[in-house]
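Asker: when you get a sec, could you give me coordinates for this:
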Amino acid sequence: MSKKNYVINKKRNPFFMIIKLGAILTIITLMIGLNNSIDTNNLCFANIIGIDKSDTIPSNLKITFQLITPKMESSNSVSTDKSILTTIDENSINLAVSTLQDYINSSIDFSNTNAIIISEDVAREGVQRYISNISSNLKFNSSMYILVCEGKASDFIKKLDENKSINSTSYFDILKNTERNSSSVKFINITEFSNLLFTSNASPIAPLCKVISNEEKEENNPEDNKSNNENSSKNQDTNSPKIDSVIDIQVGGMAIFKDEKMIGKLSYDETAYCLMLTDGVNTYNTSLDENILSDNANNNQSSSTNVSVTQTSKAKIKVDTKNDKPRIDITVPLNIIVLDTPAGEYDYLDSNYISSIKKKVREVLDKRMQNYIDKIQKEYNADINELYKYSRKNFLSVKEYDEYNFKEKFKDAKINVNIDISFNDSELNIEK
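Answerer: All right, here's what the predicted structure looks like:
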């Protein structure tokens, strides 16, 4: 073999090629890992954005950012325990972000932002420019929740950040999971809200949140607060570990919008009746009115009765537009379990007593539903249940539908809600 051929054969040897490729891949992998480490340690995640009115300049906003600063630990895991709160006065969200970026020594990422919280006074003046700004900007998370704060958004975010028993990054995910079991709130993301905001006839809604005042805490749990204060005074000089106080924030109820401005609110109970007409309620536990069973003196039922409500299927809605005033017929199928009565006496052998309970449950639920209908129709004239959708099929063309002007006629519509109740008693028998 000539020297020339020998050199060519050595160069083509696959063994050496495999070694070279392995070495190159190893170097590339190490470089990628190193770059990721550097990026993570110089990256901030904006978890929550809060919008309030400026305290100093009327035309400006006070925008609060809760920033999560992940750090690589020795085990190569990422820690997100550290958070930073910062507030900036600016004319817009984009300008506030630019200002924030100027003095934060990290790259700020908004693709995982959990929520934007807007104070009630800002919401009542109009939210369209903030929603448009976020929903049209690709760097913002289009799935972030929108909430309206009864008070200052910055105070709510501060309370959430201070409470070490709550993980700020997972707080809204936890609330979303519990939504099904409370029926007192419906979470809306920025895309859903934007769609409703720019849809004719629609009236958007958003969940309410607030910081619980000391007066409210004392009103709800006077004895508990007294006990807590006594225990606190006894233990203030001891070396016992500090225990976080009771959570001082609350989410529940809904804000009603019309033409981009907030016009009113729904209470926790009213939110449940709203959901009955749209999404359905999974579990709704409620106490019925005082003296609801007082007519049955033999059983000593002199005050409220607790019931559990579940919805067996979605509400059936039919809209008749033959006349100038629409007629809306709604059937809501509910199953009721009577949890307890005040005296704890529940005589299932007394058919008159059972009939009395069922009659009163129907009366109370019918009354509360009618109060909800009157509120959205007569007081606010806001079709938050999107009943207009069910009228579209009555028209052959978009022009005919627009000329009918359902939005204007909604306040005069005849709305009949039939709550179709079945009862599940202690013997697990279903009776219509």
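Asker: looks to me like Phe156 is in a helix.
Answerer: Yes: checked against DSSP: H, G, I helix; E, B strand; the rest coil, Phe156 lies within a helix.
Asker: Ile49 is in contact with that one, correct?
Answerer: No: between Phe156 and Ile49 there is no contact under CB atoms under 8 Å: 12.0 Å. Glycine gets a C-beta too; all of them are placed from N, C-alpha and C.
Asker: anything in contact with each of these two?
Answerer: Ile117 (CB atoms under 8 Å, 6 or more residues apart in numbering).
Asker: how about the residue nearest the centre of the chain, what does it touch?
Answerer: Per CA atoms, centre = their mean, the C-alpha nearest to the average position across the chain is that of Phe187, at 2.8 Å. Phe187 makes contact with 145, 172, 175-176, 179, 207 under the criterion CB under 8 Å, 6+ apart.
Asker: bridging residues for Ala115?
Answerer: Using DSSP bridges, the beta-bridge partners of Ala115 come out as Ile48, Tyr145.
Asker: distance check, it against Ile48.
Answerer: 5 Å (CB to CB, to the nearest Å).
Asker: of these two, who's got more company?
Answerer: Ile48 (28 against 25; other CB atoms under 10 Å).
Asker: just the helices in this structure please.
Answerer: Along the chain, the stretches classed as helices by DSSP state H are 3-11, 14-41, 93-103, 120-125, 128-135, 153-162, 171-182, 190-197, 214-220, 222-235, 268-277, 351-374, 398-404, 406-409.
Asker: and the ones you listed, which one is worst for confidence?
Answerer: Ranked by mean pLDDT, the helices of the chain end with helix 222-235 at the bottom, a mean of 45.
Asker: which residues are contacting stretch 383-398?
Answerer: Contacts of stretch 383-398 (CB under 8 Å, 6+ apart): 201-205, 254, 256, 274, 277-278, 317-322, 326, 328, 376, 401, 404, 406-407, 410, 413.
Asker: got the buried residues for stretch 174-186?
Answerer: Using 16 or more other CB atoms under 10 Å as the test for burial, stretch 174-186 gives 175, 179, 182-186.
Asker: over to stretch 55-70?
Answerer: 60-70.
Asker: same question, stretch 325-338
Answerer: 326, 328, 330, 332-334, 336, 338.
Asker: could you check how far it is from the centre of its chain?
Answerer: Chain-centre distance of stretch 325-338: 24 Å, with CA atoms, centre = their mean, to the nearest Å.
Asker: before we move on, what about stretch 196-207?
Answerer: 16 Å.
Asker: dump it to CSV, keeping only the CA atoms.
Answerer: Extracted as CSV, the C-alpha positions of stretch 196-207 are listed here (Å, rounded to 0.1, in the frame of the first residue of the first chain):
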residue,chain,number,x,y,z
LEU,A,196,-67.2,40.2,24.9
LEU,A,197,-66.0,43.8,25.2
PHE,A,198,-65.9,44.2,21.4
THR,A,199,-69.1,42.1,20.6
SER,A,200,-72.3,44.0,20.1
ASN,A,201,-75.1,43.3,22.6
ALA,A,202,-72.6,41.6,25.0
SER,A,203,-72.0,42.8,28.5
PRO,A,204,-68.7,41.5,29.9
ILE,A,205,-68.2,40.4,33.5
ALA,A,206,-65.1,39.9,35.7
PRO,A,207,-64.6,38.5,39.2
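Asker: contacts for that stretch, please.
Answerer: Residues contacting stretch 196-207 (CB under 8 Å, 6+ apart): 123, 127-128, 131, 145-148, 185-188, 193, 251-258, 260, 266, 274, 380, 382-384, 386, 388, 406-407.
Asker: my guess is Ser83 meets Pro70, correct?
Answerer: No: when contacts are counted by CB under 8 Å, Ser83 is not listed as touching Pro70 (10.4 Å).
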